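[1] Build me a structure from this.
(one chain, ligands or ions: 2)
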Amino acid sequence: MWDEYEYRALFLWETNFYNDVVLGTFLPPAMWVKLPHFFQTWIRNFISGSIVYLLPGFLWSFVIYYWKRNLYIPKDCVPSLKSMLLQIYVAMKAMPWYTLYLTINEYVVESGRTKCFPRISDVGWPVYLVYLLTYLTLVEFGIYWMHRELHHVKPLYKFLHATHHIYNNQSSLSPFAGLAFHPLDGILQAMPHSISLFIVPMQFRTHIALLFLEGLWTANVHDCIHGKLWPIMGAGYHTIHHTTYRHNYGHYTVLMDWAFGTLRNPVLDDDDNEKPIKCN
Ligand SMILES: [Zn+2]
Ligand SMILES: [Zn+2]
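    Ligands and ions are numbered 1, 2, ... in the order given. Next comes the predicted model:
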């Protein structure tokens with residue numbers, strides 16, 4: 001059943017396929033065909049990561065700040081162009097490092113060192129879904145504690161995570177804040193995805209898709225629009241995180257904050273001194 005050589009060949013085939021599609025679409029062949037596989041993968045991840053970050057960010061900002069102005073965000077709470085450009089600058093400066101991490105992550109999978117498998121049919125759908133749930137739980141647990149330690153360990157906060165927390169109210173947060181981290185901070189918070197691959201088997205393609213979905217997910221939790229879909233960590237919760245610094249460290253859901261006593265609900269705490277959403 002498990003054939004390490006076949007798996008490694010399939011992983012390599014898959015990453016080569018992604019490289020051919022993305023690089024073939026955006027670059028002339030002379031620029032990339034002779035590059036080593038690792039660099040092709042890095043450039044492909046850089047192009048894909050930039051698109052996943054910038055395109056939905058521009059589209060969503062256009063909708064909530066311009067087209068549907070005042071519908072989702074009160075117009076006096078719209079972030080300034082300057083703060084959005086600063087977030088894009090910080091995120092794009094970190095992008096080569098984020099995508100280097102993604103490339104090393106793929107290299108480790110290609111070398112057969114993880115529990116990754118190439119096809120869902122290798123394990124069957126029921127087992128795949130159990131693995132997926134376990135993987136997502138591990139990622140949720142890992143990101144919660146990584147994020148919490150980035151606040152509680154003083155040097156980690158001062159030298160890394162503080163970069164992300166200069167955006168501390170609704171009028172400075174925007175979807176572009178989603179990847180505006182010190183590069184090492186962003187990588188540390190993505191690491192639970194890689195570590196999980198050594199604990200639970202996961203389909204390679206699902207793993208890659210979930211890593212790229214992070215770009216969309218973090219944009220979603222920074223747009224200040226509270227989805228109110230329990231137990232999803234909507235932006236209402238994460239905006240509280242940016243105002244109190246002591247609550248709602250979770251990622252996809254509020255469950256870890258609930259389990260470890262750091263949950264603050266945007267609706268219930270509306271009358272508190274620390275309002276979840278401040279405009280100025
Ligand atoms: Zn934080
Ligand atoms: Zn944030």
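
[2] CA only for contacts and neighbour counts going forward, please
    Noted.

[3] Could you name the helices and strands sitting against the helix or strand containing Y53?
    In this assignment (DSSP states H and E), Y53 forms part of helix 37-61. Helix 37-61 sits against helix 4-26, helix 81-110, helix 204-221, with contacts defined as 3 or more CA pairs under 8 Å, 6 or more residues apart in numbering; DSSP states H and E.

[4] List the contacts of that helix.
    Contact with helix 37-61 is made by 15-16, 18-19, 22-23, 32-33, 92, 95-96, 99-100, 102-103, 107, 174-176, 179, 212, 215-216, 219, as judged by CA atoms under 8 Å, 6 or more residues apart in numbering.

[5] try 7 Å this time
    Contact partners of helix 37-61, identified using CA atoms under 7 Å, 6 or more residues apart in numbering, comprise 19, 22-23, 32, 95-96, 99-100, 103, 175-176, 212, 215-216, 219.

[6] As a markdown table, the helices and strands packed on helix 37-61 with mean pLDDT, distance to F46 and mean neighbour count would be great.
    Supplementary listing: these in a markdown table, determined by pLDDT from 0 to 100; distance: least, CA to CA, whole Å; neighbours: other CA atoms under 10 Å:
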| stretch | mean pLDDT | distance to F46 | mean neighbour count |
| --- | --- | --- | --- |
| helix 4-26 | 96 | 10 | 16 |
| helix 81-110 | 97 | 6 | 19 |
| helix 204-221 | 94 | 11 | 19 |
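
[7] Throw those into TSV and include distance to I232, thanks.
    Putting the helices and strands packed on helix 37-61 into TSV (distance: least, CA to CA, whole Å) gives the following:
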stretch	distance to I232
helix 4-26	31
helix 81-110	24
helix 204-221	10
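
[8] one step back: between the contacts of helix 37-61, which is nearest L197?
    Relative to L197, the closest of the contacts of helix 37-61 is T103; by CA to CA it sits at 14.9 Å.

[9] chain center to the helix or strand of the chain with the lowest mean pLDDT, what's the gap?
    Every helix and strand in the chain was compared by mean pLDDT, DSSP states H and E; the lowest is helix 235-244, with a mean of 92. Computed by CA atoms, centre = their mean, to the nearest Å, the chain-centroid distance of helix 235-244 equals 17 Å.

[10] Also stretch 199-217?
    Put simply, stretch 199-217 sits 10 Å off its chain's centre (CA atoms, centre = their mean).

[11] Packing partners of the least confident helix or strand of the chain?
    Counting contacts by 3 or more CA pairs under 7 Å, 6 or more residues apart in numbering; DSSP states H and E, helix 235-244 is packed against helix 204-221.

[12] For the helix it packs on, C-alpha coordinates in PDB please.
    Only the C-alpha atoms of helix 204-221 are listed here, as PDB (Å, rounded to 0.1, in the frame of the first residue of the first chain):
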ATOM      1  CA  PHE A 204      -0.500  16.900   0.000                       C
ATOM      2  CA  ARG A 205      -2.900  18.900  -2.200                       C
ATOM      3  CA  THR A 206      -5.300  19.600   0.800                       C
ATOM      4  CA  HIS A 207      -2.300  20.700   2.900                       C
ATOM      5  CA  ILE A 208      -1.100  23.200   0.200                       C
ATOM      6  CA  ALA A 209      -4.700  24.500  -0.400                       C
ATOM      7  CA  LEU A 210      -5.100  25.100   3.400                       C
ATOM      8  CA  LEU A 211      -1.800  27.000   3.500                       C
ATOM      9  CA  PHE A 212      -2.900  29.300   0.700                       C
ATOM     10  CA  LEU A 213      -6.400  29.600   2.200                       C
ATOM     11  CA  GLU A 214      -4.600  31.200   5.200                       C
ATOM     12  CA  GLY A 215      -4.200  34.300   3.000                       C
ATOM     13  CA  LEU A 216      -7.900  34.600   2.500                       C
ATOM     14  CA  TRP A 217      -8.800  33.600   6.100                       C
ATOM     15  CA  THR A 218      -6.500  36.200   7.700                       C
ATOM     16  CA  ALA A 219      -8.000  38.800   5.300                       C
ATOM     17  CA  ASN A 220     -11.400  37.800   6.500                       C
ATOM     18  CA  VAL A 221     -10.700  38.100  10.200                       C
END
